[in-house]
Structure formats: C-alpha cells, structure tokens
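> structure here, sequence nowhere to be found:
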C-alpha cells in the first residue's frame, strides 16, 4: 500500500466558532476506505513540490517534546495529540482569519522510517441535498455545507510531518492574516521552526529574477528571455539540477557584471543554494515555452528553443516600424 503503514490515527475538530476544541478521547477505528484515503494523501504530500523542509530550533520546543513523548511511548498518542490540538486551537482562537479544520494526527511508517503527521483539513464549502420532513409535505432542498473535507483527488492544504528518527520536518503551510499581516503561522508560532524554501519556491525565485533581469537590462527582449529559459532547461537536462553558475554564464555570456547581479538578486530573495535538485514533479514547472502577445491581441505560444535560431521563427523589422513574425518550415497547422 504505497509503502505506508498507518499505526495510529485520531481526529480532532478545531473550530473557533464553537468556543472550544472538540477532541476525540479514542483513536480512530480501523477502516479500509479511510486508511486508503490517508495513505493516498500522505503519498501526495511526500511528492508535493509545495512542501518544504524545516527544523526545530535549538531552544526548548513544546511540539518537539510532544513528538518525542509519542515516539518513546506510543500509548501517550491520544493525550499528546490533544495537547498539540490545544496549542493550535489557542492560536486559531486569537486569529479569526485562520480557517476552522479537522485535524488528523497519525503515527505511520514509510519506507522503513517512522513519522508523526498532523494533517490540517481546512473546511471547504460544498452543496448537498437536504430532506425536510418537518411537516406533512416532504421538501427536498439544496443546502450549503461548510465542513467539507478534501477528497482523494484533491490536496491537503496544510500539514506537518515529523520524522521520529532525526526530528526533521516536512511542512506544507499557507499564509494567514496574523496581527494585520500575512504570515506562516504554523512555522512561526506553532512549530517555532527554522524553514528551508520549498522546491516550488526555489524555482519561482529563479524564474522571477530571470524575468526581472531581462526586463531591466534587455527591455524584455524575446530572444534574451528565451536564452535564459533555455539555459535553465539545459542545466536540468545535463545534470538533473539547476546549476546557478551554469545558468548565469550561459544566459549572460561575456557579461561578468550581469552574471554577478543575477546571482546577487537570487541570494537577496533568500535562495542561497548554488545547485537545485530537480525531481520529476519539479521538472514540469520549468519554462520551456514563451508566449508572444502582439499589441492587437494575437497570442502565439512558442518553444523557447525555436526563438534562439532562425529555422522555425523569424522576426522581421518593417520600414514603417512594425514587426512581422515569420513561421518557417511548417508541415502542418491544426486548430485547437
């Protein structure tokens, strides 16, 4: 079953509108469908490019102590997850913008490692039918349900998975308004952890800095943007990673000043790694195409490799100042 074995599981209800958390006194009973639901979501989380690694700080940490207690004595699972729920509920009750949720706590094994997971199932609205038989005439209506949970095909919005071997953390979180500012409350206030950028955040930084460099120093030149994107893809195809040194030297060849600015901009955004490993899911996020939009609304989506040579597409400057786009060596055109 995906290499995942769930040992224990419990469900707590955290809805600040109720005035108090509704905590379970017993572990969730074993149910094949529910266990499959959980293992499916756990597997997705381990492959989610939005997750990031985090570590407990050096100071005394309440959540880490709870995890250690459960690891040392699994019989404390119910009580310790209730303690965790109280910590989380306190933060939620003080900040109304944090959505209510069902909190699933699970002790599980994956590929020989033991983990403690806290899966935050934020409520979503859905619509269901309701049968009203309050009088002699039955009335079937549609009503809004505010406590719907994600199904197998959706993703869990937020979660904390603690490796009970080295106490490293796999974290997925969203920003919520805390004291008037958007913040990651889970890492900052609940875990008090030191975070590392997620894979998606790393790629986003590289892409944003690349676009900014082309805009600031090349006036949004289409070919230069294609060169930068091609340098990213080439690096991954050659080594399975984004090598910042390779990208800057290929994208800004013979311009040492811009190479240094590019690297400094990336570091300023918080990305200090020189090499970013790229897995299959992250590879799909690499920019392999360039969208061209004319002033009168015509859109053309072109593979970036075509923009750096004249075999497939050519830009012609006309005497009247307009630009013509010439598509070449086309064998077939289809409408979609």
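Looks like it came in fine. Just so you know, these numbers come straight off a predicted model, no measurement behind them.
> all strands for the stretch 101-250 of the chain, in order.
Ranges of strands in the stretch 101-250 of the chain, per DSSP state E, counting those that start in this stretch, are 101-110, 113-122, 124-132, 139-148, 158-163, 168-172, 176-178, 181-183, 193-195, 241-243.
> export those to CSV and tack on mean neighbour count and distance to residue 85?
C-beta here means a position set from N, CA and C on the backbone, and glycine is covered the same way. Output for the strands of the stretch 101-250 of the chain, formatted as CSV (neighbours: other C-beta atoms under 10 Å; distance: least, C-beta to C-beta, whole Å):
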stretch, mean neighbour count, distance to residue 85
strand 101-110, 21, 6
strand 113-122, 20, 9
strand 124-132, 10, 20
strand 139-148, 11, 17
strand 158-163, 22, 13
strand 168-172, 21, 18
strand 176-178, 17, 18
strand 181-183, 12, 21
strand 193-195, 18, 18
strand 241-243, 20, 40
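> and residue 304, what is it in contact with?
Residue 304 is in contact with 225-226, 229-230, 233, 287-290, counting by C-beta atoms under 8 Å, 6 or more residues apart in numbering.
> out of those residues, show me where the pLDDT dips lowest.
Looking at those by pLDDT, the weakest one is residue 287, with 77.
> can you pull the contacts of the closest residue to residue 193 other than its chain neighbours?
Counting by C-beta to C-beta, 6 or more residues apart in numbering, residue 193 lies nearest to residue 54, which is 4.2 Å off, once chain neighbours are set aside. Residues counted as contacts of residue 54 (C-beta under 8 Å, 6+ apart) are 168-171, 187, 191, 193-196.
> if you set the cut-off to 7 Å instead, what comes out?
By C-beta atoms under 7 Å, 6 or more residues apart in numbering, the contact set of residue 54 is 169, 171, 187, 191, 193-196.
> residue 176 too?
Residue 176 neighbours (C-beta under 7 Å, 6+ apart): 95, 97-98, 183, 185.
> and residue 106, what's its pLDDT?
Value for residue 106, per-residue pLDDT: 97.
> bridged to it, which residues?
residue 9, residue 117 (DSSP bridges).
> wait, it sits on residue 117?
Yes. Applying C-beta atoms under 7 Å as the test, residue 106 and residue 117 come out as touching, 4.6 Å apart.
> so where's this structure uncertain?
Counting by pLDDT under 70, the ranges of the chain that qualify are 1-2, 148.
> mind giving me the domain ranges of it?
With domains defined by automatic domain parsing, the chain comprises 4-121+153-196, 200-327.
> distance to residue 13 added to the strands of the stretch 101-250 of the chain, as JSON lines?
Shown next, in JSON lines, are the strands of the stretch 101-250 of the chain (distance: least, C-beta to C-beta, whole Å):
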{"stretch": "strand 101-110", "distance to residue 13": "6"}
{"stretch": "strand 113-122", "distance to residue 13": "10"}
{"stretch": "strand 124-132", "distance to residue 13": "15"}
{"stretch": "strand 139-148", "distance to residue 13": "9"}
{"stretch": "strand 158-163", "distance to residue 13": "16"}
{"stretch": "strand 168-172", "distance to residue 13": "21"}
{"stretch": "strand 176-178", "distance to residue 13": "19"}
{"stretch": "strand 181-183", "distance to residue 13": "24"}
{"stretch": "strand 193-195", "distance to residue 13": "25"}
{"stretch": "strand 241-243", "distance to residue 13": "42"}
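> quick one: closest of these to residue 212.
strand 241-243 (16.9 Å; C-beta to C-beta).
> what are the pairing partners of the closest one, and which direction each?
Per DSSP bridges, strand 241-243 is paired in its sheet with strand 275-277 (antiparallel).
> can you list the buried residues in the strand it pairs with?
residue 276 (16 or more other C-beta atoms under 10 Å).
> and the contacts of it?
202, 240-243.
> same check, this time on stretch 14-21
12-13, 85-86, 88-89, 92-93, 96, 100-101, 103.
> quick one: which of the residues you listed sit in helices?
Counting by DSSP state H, those place 85-86, 88-89, 92-93 in helices.
> export these as a markdown table, with columns for distance to residue 141.
Below are the ones in helices among the contacts of stretch 14-21 laid out as a markdown table (distance: C-beta to C-beta, whole Å):
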| residue | distance to residue 141 |
| --- | --- |
| 85 | 34 |
| 86 | 38 |
| 88 | 35 |
| 89 | 33 |
| 92 | 31 |
| 93 | 33 |
